[in-house]
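Asker: Sequence and computational prediction follow.
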Amino acid sequence: MRRVLKSLLLIAAVAMVWAPVQARADGYFSPWGGVNFGSNIHNGRAAVGINAGYMGAGIFGGEVGFGYSPHFFGATSDFGANSVIDLMGNLVIGIPIGGTHGAGLRPYVSAGAGLIRTQIDHAGNTVDFSPVGSNNDFGFDFGAGVTGYMSQHFGLRGDIRYFKDKDASSFHYWRASAGIVIR
């Protein structure tokens, strides 16, 4: 059942991004870099990724986000190779200030759900962390940010998001990120 739910969620997110929309829609992609913090493991770990989505001329839109955080749990000498990958489908609500074409700002909030994958290959040191191996968990995220367009097709974007897996007392973290936006 869980696998079916994950598959349906991923299909819905991809369909939202690639669905035919009116010509006034504002499609974009945004490569970004960021930092993870506030986790129950380690803080200040780097992350990279890309978001792709659309915002209509109104305030609603959709987005698919992919993030990769190498060495999320600590140094390779402590944990072996380790990472976190997230793949989320989000609903985005943003208000275009200055219109939807040309220069302008769009503050937004977003929330969604998807996959959080953790990978830990224990190096055999004295650090004991469970679980070792890979885990694919259903998770959710929510956040807020602002996109500033300097021209019709180029801008900058910054946001902060909270990520949590499905278990109420388990894995969670925050991410602050910034990147370029091409529409």
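Answerer: Perfect, thanks for sending it.

Asker: contacts and neighbour counts: CA atoms only from here.
Answerer: Will do.

Asker: This protein: helices as residue ranges?
Answerer: Here the chain has its helices, by DSSP state H, at 2-18, 76-79.

Asker: what's the least confident stretch among the ones you listed?
Answerer: For these, the weakest mean pLDDT is recorded on helix 2-18, namely a mean of 59.

Asker: Now do the strands in the protein.
Answerer: Counting by DSSP state E, the chain has these strands, from start to end: 26-37, 45-55, 60-70, 82-94, 104-120, 133-149, 154-165, 172-182.

Asker: who touches the last one?
Answerer: Among residues not part of strand 172-182, those counted as contacts by C-alpha atoms under 8 Å, 6 or more residues apart in numbering are 28-40, 147, 149, 153-165.

Asker: give the contact list for Ser110.
Answerer: Residues near Ser110 by C-alpha under 8 Å, 6+ apart: 90-93, 142-144.

Asker: Distance check, the closest residue to it other than its chain neighbours against Asp159.
Answerer: In space, and not counting its chain neighbours, Ser110 is closest to Val92: 4.4 Å by C-alpha to C-alpha, 6 or more residues apart in numbering. Separation of Val92 from Asp159 (C-alpha to C-alpha, to the nearest Å): 12 Å.

Asker: thought the residue nearest to Ser110 was touching Phe60?
Answerer: Yes - contact criterion C-alpha atoms under 8 Å: Val92 and Phe60 qualify, at 5.9 Å.

Asker: Between those two, tell me which one has more neighbours.
Answerer: The residue with more neighbours, out of Val92 and Phe60, is Val92; 21 against 15, by other C-alpha atoms under 10 Å.

Asker: rewinding a little: which of the contacts of Ser110 ranks first by neighbour count?
Answerer: Asn90 (24 neighbours).

Asker: Check the burial of the residue nearest to Arg157 when sequence neighbours are not counted by counting its neighbours.
Answerer: Sequence neighbours aside, Thr147 is the residue nearest to Arg157 in space, at 4.3 Å (criterion: C-alpha to C-alpha, 6+ apart). Neighbours of Thr147 under the rule other C-alpha under 10 Å: 21.

Asker: How about the one 4 residues further on?
Answerer: For Ser151, the tally of surrounding residues (other C-alpha under 10 Å) stands at 13.
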